[in-house]
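Asks: Fold the following for me, if possible:
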Amino acid sequence: MKWWGKWAVSYTLSHLPGRDLLYQKMLRNFGELADIASSTRFENARTLLHMAHRWCGSLEGILAVEIGTGWIPAVPLGFALSGTRVETFDVKHLTAPDLFSETRRIIAEEHLYSISSASGTPEQTVLQRQKRIEHAATLGEALQMLGGGYHAPCDTTALPFADGEVDLVISNLVLQCIPKATLADVLAESRRILKPGGIAVHRIRMSDEYAGPGSGRNHLEYLKYPEHIWDRWFNHPLKHLNRLRAGQFLELFSRNGFLCRECRRHIDHDSIPLLQQLDLAPPFCDMSTVELATVGIDVVLEKDRA
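Replies: Alright, predicted model coming up:
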């Protein structure tokens, strides 16, 4: 579908009664939910598990908070099967029982070994945990069986934990979807609940979700729109992209008391010629081409020990 078609459908749905249900039906028929097995969520779960294991050591028994569960709960299930007590929070209740069941089935059939390998958990232990939840009806029920929980709708700027109670904070393709005015509060809250020296791992994508194969638009072309145009026409209750670039995220993390221990950048070198010719909007016109072409980062943050 052309990018303007995707935009028109989501923009129209965002102004209709029952927009969340209508949008979910669209995703089930034409979007990511039409073929869950091909979703990147499973690969993302593996990446986050590997990052967390490398920096936290054993994930067995640690308390982790996920910000933004999403439709396909591959990340919280991957961590729970690795022995983590996962409490996952979302501003909307998106993980329907059938989406949870399909995610669980795909993990059981295709991803148990990769979860074991990424997390350093014995494969037999992962399999035993998977067997424990094979009859759970909902994500909440499954996580509860493994020592965690699913909470939605929930305000992620006010989480139900004491200061310094949590070992690990995780998010998968969420921070770029949080409005700038709210993002600092979300980060401040995640810092509050983390133990001194606690770890946060985040995967962040920084490209236009309206673009893609067959869309007729490069995924960095959205940097030509001034902020007021982008907010007026493209950000709405069903889809929000704050368009922050990698350096802006890293600066925001630092301002909120995090030390960046690792940052892996994903740079789209093929889009550099387009960026060099694009009439960029402020503040993007003052950034380097490589900064603009960075379409994703995987970061490991540590809460300062002060």
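
Asks: which residue sits closest to Trp71, ignoring its sequence neighbours?
Replies: Leaving aside its chain neighbours, Trp71 sits nearest to Leu94 (4.9 Å; criterion: C-beta to C-beta, 6 or more residues apart in numbering). The C-beta positions use only the backbone N, C-alpha and C, and glycine is treated the same way.

Asks: ok, now how distant is the one you found from Leu139?
Replies: 10 Å (C-beta to C-beta, to the nearest Å).

Asks: Need the overlap of contacts for those two.
Replies: Thr69 (C-beta atoms under 8 Å, 6 or more residues apart in numbering).

Asks: following the helix or strand hosting Arg54, which helix or strand comes up?
Replies: Using DSSP states H and E, Arg54 maps to helix 41-56. Using DSSP H and E, the helix or strand that follows helix 41-56 towards the C-terminus is strand 63-67.

Asks: ok, Phe253 - how many residues close by?
Replies: Other residues near Phe253 come to 20 when the count uses other C-beta atoms under 10 Å.

Asks: for Glu43, what are its contacts?
Replies: Per C-beta under 8 Å, 6+ apart, neighbours of Glu43: none.

Asks: Retrieve the pLDDT associated with it.
Replies: In this model, Glu43 is scored at 97, pLDDT.

Asks: quick one: it from Ala64, how far?
Replies: Glu43 is 19 Å from Ala64, by C-beta to C-beta.

Asks: now the strand or helix carrying Arg203, how far from the centre of its chain.
Replies: Here Arg203 sits within strand 194-205, counting by DSSP H and E. Computed by C-alpha atoms, centre = their mean, to the nearest Å, the chain-centroid distance of strand 194-205 equals 13 Å.

Asks: what does stretch 41-57 give?
Replies: Worked out by C-alpha atoms, centre = their mean, stretch 41-57 lies 13 Å from the chain centre.

Asks: residues of it that come out buried?
Replies: 41-42, 44-53, 55-56 (16 or more other C-beta atoms under 10 Å).
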